[in-house]
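Novice: A predicted structure for the sequence below; I have some questions about it.
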Amino acid sequence: MADYAELVDLIVRRLVTKPEAVSVSEERSDTGVILITIRVDPEDIGRVIGKKGSTINAVRHVAKAASIKSGEKVDVDVKED
């Protein structure tokens, strides 16, 4: 099984200005979907989401592409604290 949280963490830390504030967690739901949750510094939330959501959508596509071979479903979400 691939470590999707590590992949997303690697990408997000390169995008933000405060990489030490990045937190990525991984949970598996009852239906088998892997939910990746990203938490960043409030100043960096715009960098992670991007214009019209383009950056977070690209991160989602990379995570989903990584999961195709194993047949797992991956969902990536950004939470504001």
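Specialist: Cool, the structure landed. Residues are numbered from 1 along each chain as shown.

Novice: low-confidence ranges in the chain?
Specialist: Regions of the chain meeting the criterion pLDDT under 70 cover residues 1, 81.

Novice: Please enumerate the helices of it.
Specialist: Ranges of helices in the chain, per DSSP state H, are 4-15, 45-49, 54-67.

Novice: just the ones you listed: most buried one?
Specialist: Most buried of the helices of the chain, by mean neighbour count (mean count of other C-beta atoms under 10 Å): helix 4-15, with a mean of 18. Quick note: C-beta positions are derived from backbone N, CA and C, even for glycine.

Novice: got the angle between it and helix 54-67?
Specialist: Counting by axes from the mean of the first three to the mean of the last three C-alpha atoms, to 10 degrees, helix 4-15 points 150 degrees away from the direction of helix 54-67.

Novice: quick one: contacts of helix 4-15?
Specialist: The contact list for helix 4-15 (C-beta atoms under 8 Å, 6 or more residues apart in numbering) reads 19, 22, 24-26, 34, 36, 38, 40, 44, 47-48, 55, 59, 62-63, 66-67, 74, 76.

Novice: now Ile56: how far from Asp9?
Specialist: 14 Å (C-beta to C-beta, to the nearest Å).

Novice: actually Ala2, not the one I wrote
Specialist: Distance from Ala2 to Asp9, by C-beta to C-beta: 13 Å.

Novice: OK, contacts around Ile34?
Specialist: For Ile34, the contact set (C-beta under 8 Å, 6+ apart) comprises 4, 26-28, 67, 72-75.

Novice: PyMOL command for the buried members of those?
Specialist: Buried residues within the contacts of Ile34, by 16 or more other C-beta atoms under 10 Å, are selected in PyMOL with:
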select buried, resi 4+67+72+74+75
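
Novice: what's the farthest-apart pair in the contacts of Ile34?
Specialist: Based on C-beta to C-beta, the longest span within those runs between Glu27 and Ser67 and measures 14.7 Å.

Novice: Name the nearest residue to Val78, ignoring sequence neighbours.
Specialist: Ile38 (4.8 Å; C-beta to C-beta, 6 or more residues apart in numbering).

Novice: Dig out what that neighbour forms beta bridges with.
Specialist: For Ile38, the residues forming beta bridges with it (DSSP bridges) are Val24, Val78.
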